[in-house]
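sequence and predicted structure, then a few things I'm wondering about:
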Amino acid sequence: MDFKEKLSNIVHENDSLVCVGLDIDKEKIPKFLFTTSKDPFFDFNKSIIDATKDIICAYKLNMAFYEVLGLEGFKLLEKTVKHIPREVIIILDGKRNDIGNTAKKYAKSLFETFNADAVTINPYLGIDGVKPFLEYKDKCSFILCKTSNPSAIDFQDIKTQGKPLYQIVAEKIKDWDKIGCCGAVVGATYPDELKTIRGILGDDIPLLIPGIGKQGGNIEKTVKYGTNSKHEMTIINSSREIIFAGDKEDFAEKSKEKAELLKKEINRYR
């Protein structure tokens with residue numbers, strides 16, 4: 001089963017475009033876990049997954065939150081990925097890239113060692129650094145196109161060839177998708193640009209959309225402009241607002257409630 005088929009299946013099965021970002025943070029995880037659990041980080045992730053797995057389409061794990069823990073973090077990443085149901089999309093968000101030979105190792109690490117369904121890729125080095133990821137035909141590489149942060153405009157809006165750089169990146173993504181499965185990372189905080197990028201990419205290229213929740217992205221515009229003609233091929237991520245919704249023993253239930261609310265709001269506009 002290739003990535004797009006797997007994504008379509010889970011979107012239909014759970015009737016959801018919601019992605020939960022499992023961005024663990026010792027300062028925000030419920031304090032009681034560090035006194036009651038021998039493996040607090042994994043028990044936190046496990047509880048969130050068990051509570052939300054039927055109402056989401058994907059989990060996104062930001063690599064930085066795991067790498068900062070050293071060897072423990074890599075073990076935690078591996079255990080967390082194994083606990084996620086096979087039918088759910090697993091995105092490892094490391095925004096990796098380098099020259100071709102190094103990119104091959106990054107691709108092997110993320111797709112084979114950690115068994116991701118999808119990764120995030122920086123396109124700055126061009127096709128040399130992207131192609132090694134695209135050789136994994138049943139996986140997806142989400143290319144940074146128009147990111148959600150305020151200073152994205154510093155480079156991504158610079159005009160060249162008569163258009164903003166992010167539009168040229170979108171055109172490259174469409175070309176690269178002929179080599180292997182490409183997606184685009186586009187922030188919900190830039191709805192007009194999101195509409196433009198979906199127009200460039202067409203119906204078949206998936207979008208990973210951060211910026212909902214704490215960053216303040218508009219859900220109605222995100223769904224209207226980001227989904228394809230079938231209101232699919234879109235993964236809408238929320239991290240902190242969902243996983244840190246509660247800090248008591250019922251934290252997982254609070255996370256479930258937040259995820260369900262987001263799912264319902266997204267589906268209202270689908």
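Everything's here; your move. Numbers count the residues shown, from 1 in each chain.

excluding chain neighbours, give the residue nearest to residue 172 in space.
residue 123 (6.7 Å; CB to CB, 6 or more residues apart in numbering). Every residue, glycine included, has its C-beta placed from N, CA and C.

backbone dihedrals for the one you found, please?
With angles defined as degrees, to the nearest 10, residue 123 sits at phi -90, psi 0.

what is the neighbour count of it?
For residue 123, the count of nearby residues is 21 (other CB atoms under 10 Å).

same question, residue 192
Around residue 192 there are 9 residues (other CB under 10 Å).

contacts only, for it.
residue 225 (CB atoms under 8 Å, 6 or more residues apart in numbering).

what is the mean pLDDT for stretch 43-59?
The pLDDT scores in stretch 43-59 average 98.

hey, C-alpha coordinates of it in CSV?
Provided in CSV are the C-alpha atoms of stretch 43-59 (Å, rounded to 0.1, in the frame of the first residue of the first chain):
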residue,chain,number,x,y,z
ASP,A,43,3.3,6.4,29.3
PHE,A,44,2.3,9.9,28.4
ASN,A,45,2.6,9.2,24.6
LYS,A,46,0.9,5.8,25.0
SER,A,47,-2.1,7.4,26.9
ILE,A,48,-2.5,10.1,24.3
ILE,A,49,-2.4,7.5,21.4
ASP,A,50,-4.8,5.2,23.1
ALA,A,51,-7.3,8.0,23.8
THR,A,52,-7.2,9.6,20.3
LYS,A,53,-6.3,6.8,17.8
ASP,A,54,-9.9,6.4,16.6
ILE,A,55,-10.5,10.1,15.9
ILE,A,56,-7.3,11.1,14.0
CYS,A,57,-5.6,10.2,10.7
ALA,A,58,-1.9,10.8,11.7
TYR,A,59,0.6,11.4,14.5
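
gap between residue 53 and residue 32?
Remark: distance between residue 53 and residue 32 (CB to CB, to the nearest Å) = 23 Å.

now residue 164
48 Å.

between these two, which is the more surrounded one?
Set residue 164 next to residue 32 and count neighbours by other CB under 10 Å: residue 164 wins out with 19 against 13.
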